[in-house]
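Chemist: Sharing a sequence plus its predicted fold:
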Protein chains: 4
Amino acid sequence: MIIYFTAMRHKDELKQDAIIEAAIKLVNEIGFAASSVAKISKEANVSPATLYIYYKNKEDLLVSTYVNIKKKLSDAALKDFDSSLPIRDILERLWHNMFNYISLHREYFKFAEQFSNSPYNELVKKEEVEKYFEPMVRVLKKGIEQKIIKDVNHDILAAFIFYPIMSLSNSRLCKGFDNNEINIDTAFTLAWDAIKL
Amino acid sequence: MIIYFTAMRHKDELKQDAIIEAAIKLVNEIGFAASSVAKISKEANVSPATLYIYYKNKEDLLVSTYVNIKKKLSDAALKDFDSSLPIRDILERLWHNMFNYISLHREYFKFAEQFSNSPYNELVKKEEVEKYFEPMVRVLKKGIEQKIIKDVNHDILAAFIFYPIMSLSNSRLCKGFDNNEINIDTAFTLAWDAIKL
Amino acid sequence: MIIYFTAMRHKDELKQDAIIEAAIKLVNEIGFAASSVAKISKEANVSPATLYIYYKNKEDLLVSTYVNIKKKLSDAALKDFDSSLPIRDILERLWHNMFNYISLHREYFKFAEQFSNSPYNELVKKEEVEKYFEPMVRVLKKGIEQKIIKDVNHDILAAFIFYPIMSLSNSRLCKGFDNNEINIDTAFTLAWDAIKL
Amino acid sequence: MIIYFTAMRHKDELKQDAIIEAAIKLVNEIGFAASSVAKISKEANVSPATLYIYYKNKEDLLVSTYVNIKKKLSDAALKDFDSSLPIRDILERLWHNMFNYISLHREYFKFAEQFSNSPYNELVKKEEVEKYFEPMVRVLKKGIEQKIIKDVNHDILAAFIFYPIMSLSNSRLCKGFDNNEINIDTAFTLAWDAIKL
DNA sequence: GATGAATGAGTGTTCATTCAT
DNA sequence: CATGAATGAACACTCATTCAT
């Protein structure tokens, strides 16, 4: 039987968090290639060796960080999820939640973008991430059944209802897009027009 | 036409091409971070030193390759560009051209995705790339003036008329999307519904 | 005394010494230009990476080594320094001490000669080296005040009382000079005749 | 039979000179180690390959340059050499000639200092250089025979009559020494006092 | 658990030299 | 004679990881 003293557990998690935050910060600032274990551990104020207590290796750290971010994003998106609302309202709420979360955590999102466009992405167990977004998929399916949403391939729907969020949130791509409520509303209108029957 | 007045060996375009292709191939297979100069030059069957005859450094090689790809993509998109056609037809043709080009040159596109999500992207002179896509921007503007297209921020329009192409072409993201004519047509319908008034 | 509060491996002074000795040996044998980090670390039986634990970079290693040698030389020269002796005796003792030290540590001296004639020399903080030789400067000044030594520019005096030691000790230059007591005495007579009033 | 048209010969020598001057300049500015063939040839405005027409290899270039400089220095020193003058006057004239030449050609001298303190120096055929300084040696010998100069080892005499010139001319060592006629005269007095009987 | 020392293998880049023209 | 292209080997330096403490 293992007994954790609160203080110890606390300390551990602080360190683990520090490492993750350091990784995200560095990847965003200097990129994947340049973010070495030495630099990450220095940024987190721990020894390189310490990093290997919490993660099997560098790959493990990066993949964990990514999954972590994805989970947080889905949590935020599904906050106040209410399947009894009209489909459009559900999606609008999701849309706003995601925008809010992303704009509050740009650095998480930038990391995820880099990660998901690198071969590291192949190392993520797909189901583990997809399960977080399961409820959204179900909404779309219901919409199709109710003849409210176009009956087209799921990826196509996603490309118009979720992916534009990424695109618009990406400051690299959209320097001219001001991330305010009105613009976000406007954008949702387009998204809805795209998928609605 | 190049005229050499003095005797010397000429730069070998085959070699330069081999280096670019090697870079693209490797970045796609093992990722940006792992694509070292040594590996790229080995893949291209040249000495690492040779690479530095054609490019100032690694960064220069990668940026050049990216700009090159972007140019080719815009050339392909604007093939048969005819501003006298109806707006919808112009965009539909652009849409198909881009899909065709991307599906024929997945490697180019995958490279570009990785590149544009890495810090290397900041090194690209934005105007140099944007000028290629100038004609498309003008079409959208005309559509707005003619009250055919919604009068919203340009970035929002782009997020629904261009960015979904990227998303749908990205096999990492859309494993379930079959890149055939029918699907592409369907997707365009959604895009058009999104932006049309 | 160093107290370590946390568990860790200590820096190994033996290793640091081995690196310095290897650098000196190699610079003497194959010259500054050819003494690469790889060769130095191999000679010292450590990994090239280890060298960078002890020194910021190659330059740091070489400069540190040089300053180190200069310090040792001045320590040796000033051994038994007694300002109450007659000026001539003080200088004679300095002269002998330096000759003795140099002839016992030819490698150090040869390294210093190469170093001080290379652009690396500009990287040495001048005061750091000059402070070691401060007492000798004071002796010359006192000699001038007492009308025992010619009242001429300090550099000129140094060129006759210190620099000939370098010249005579340099086996490259003086293959015919046997470094024995009689010769050293003789040489000092000339030095003294040069500077005395 | 080979016929050289004047123009051709001229051109050759210009190039050869340009290479030597470039080598000297670069060695002085960035040091022996950093002076690569590529940089030297670029500085001389020729192709790296051209350098190998005039010199067997890099070593050959550097050694030739050094011997060249030494020859020029001895030519300058022995200008107006008149063995019928009193010994002191001969040496004084030599002394002034050398100082003048060195102060007019600091860069040659700096190169020579670096070179002679590097292992490259071993590659110089000693006789080739020493023969240039033969007349000076003969003067010293005559002085000893005539009981004007101390009868001590030749290297010791050289260390006081020639080497101080190097020391005083070396701006790295003697920042406080102003290279004017009065100072040079003063310095010669010390040199003469050192060696005279 | 946590550390800084230690490292072989690798990084991007430049080297001295040769080659075809 | 003169060139710029071409290169394997070397350069200074950093990497991800392991080790003893």
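Modeler: Structure's in. What do you need? Numbers count the residues shown, from 1 in each chain, chains lettered A, B, ... in the order given.
Chemist: rest of the way, CA atoms for contacts and neighbours
Modeler: OK.
Chemist: Over to residue A:149: give its phi and psi.
Modeler: phi -110, psi 150 (degrees, to the nearest 10).
Chemist: Contacts only, for it.
Modeler: Taking Cα atoms under 8 Å, 6 or more residues apart in numbering or on different chains, we find residue A:149 in contact with A:140, A:143, A:195, A:196, A:197.
Chemist: now residue A:170
Modeler: Counting by Cα under 8 Å, 6+ apart, residue A:170 makes contact with residue A:110.
Chemist: Quick check: the gap between the residue of chain A found nearest chain D and DNA strand F.
Modeler: Proximity of chain A to chain D (Cα to the nearest Cα) peaks at residue A:34, 27.7 Å away. From residue A:34 across to DNA strand F, the span is 6 Å (Cα to the nearest atom of the strand, to the nearest Å).
Chemist: Need the per-residue pLDDT for the spatially most central residue of chain A.
Modeler: Residue closest to the average C-alpha location in chain A (Cα atoms, centre = their mean): residue A:70, at 3.6 Å. With respect to pLDDT, residue A:70 has a value of 92.
Chemist: What sits closest to it if chain neighbours are left out?
Modeler: Nearest in space to residue A:70, with sequence neighbours left out and distances taken as Cα to Cα, 6 or more residues apart in numbering or on different chains, is residue A:129 at 6.8 Å.
Chemist: pretty sure that neighbour is touching residue A:71, no?
Modeler: Yes: proximity of residue A:129 to residue A:71 meets the contact threshold set by Cα atoms under 8 Å, at 7.3 Å.
Chemist: any idea whether residue A:136 is helix, strand or coil?
Modeler: helix (DSSP: H, G, I helix; E, B strand; the rest coil).
Chemist: what's the answer for the one 5 residues further on, then?
Modeler: Of the three states, residue A:141 takes helix under three-state DSSP.
Chemist: dump the residue contacts of residue A:183.
Modeler: residue A:177.
Chemist: helix or strand for it, which one?
Modeler: helix A:181-195 (DSSP states H and E).
Chemist: how many degrees apart are that helix and helix B:181-195 in direction?
Modeler: Here the directions of helix A:181-195 and helix B:181-195 differ by 140 degrees (axes from the mean of the first three to the mean of the last three Cα atoms, to 10 degrees).
Chemist: Check whether stretch A:111-125 comes near chain B.
Modeler: Yes: under the criterion of Cα under 8 Å from any Cα of the partner chain, chain B is reached by stretch A:111-125 at A:113, A:114, A:117, A:118, A:119, A:120.
Chemist: Residues contacting that stretch, please?
Modeler: A:24, A:27-28, A:32, A:59, A:63, A:66-67, A:69-70, B:28-32, B:113-114, B:117-118.
Chemist: Could you list the alpha-carbon positions for it in PDB?
Modeler: Once non-C-alpha atoms are left out, stretch A:111-125 reads as follows in PDB (Å, rounded to 0.1, in the frame of the first residue of the first chain):
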ATOM      1  CA  PHE A 111       1.700  23.900 -29.800                       C
ATOM      2  CA  ALA A 112      -1.100  21.600 -30.900                       C
ATOM      3  CA  GLU A 113      -1.000  23.000 -34.400                       C
ATOM      4  CA  GLN A 114       2.700  22.300 -34.700                       C
ATOM      5  CA  PHE A 115       2.300  19.000 -33.100                       C
ATOM      6  CA  SER A 116      -0.500  17.700 -35.200                       C
ATOM      7  CA  ASN A 117       1.300  18.700 -38.400                       C
ATOM      8  CA  SER A 118       4.400  16.800 -37.500                       C
ATOM      9  CA  PRO A 119       5.000  13.000 -37.700                       C
ATOM     10  CA  TYR A 120       4.800  12.900 -33.900                       C
ATOM     11  CA  ASN A 121       1.100  13.000 -34.500                       C
ATOM     12  CA  GLU A 122       1.100   9.400 -35.700                       C
ATOM     13  CA  LEU A 123       2.200   8.400 -32.200                       C
ATOM     14  CA  VAL A 124      -1.100   9.600 -30.700                       C
ATOM     15  CA  LYS A 125      -3.600   6.900 -30.200                       C
END
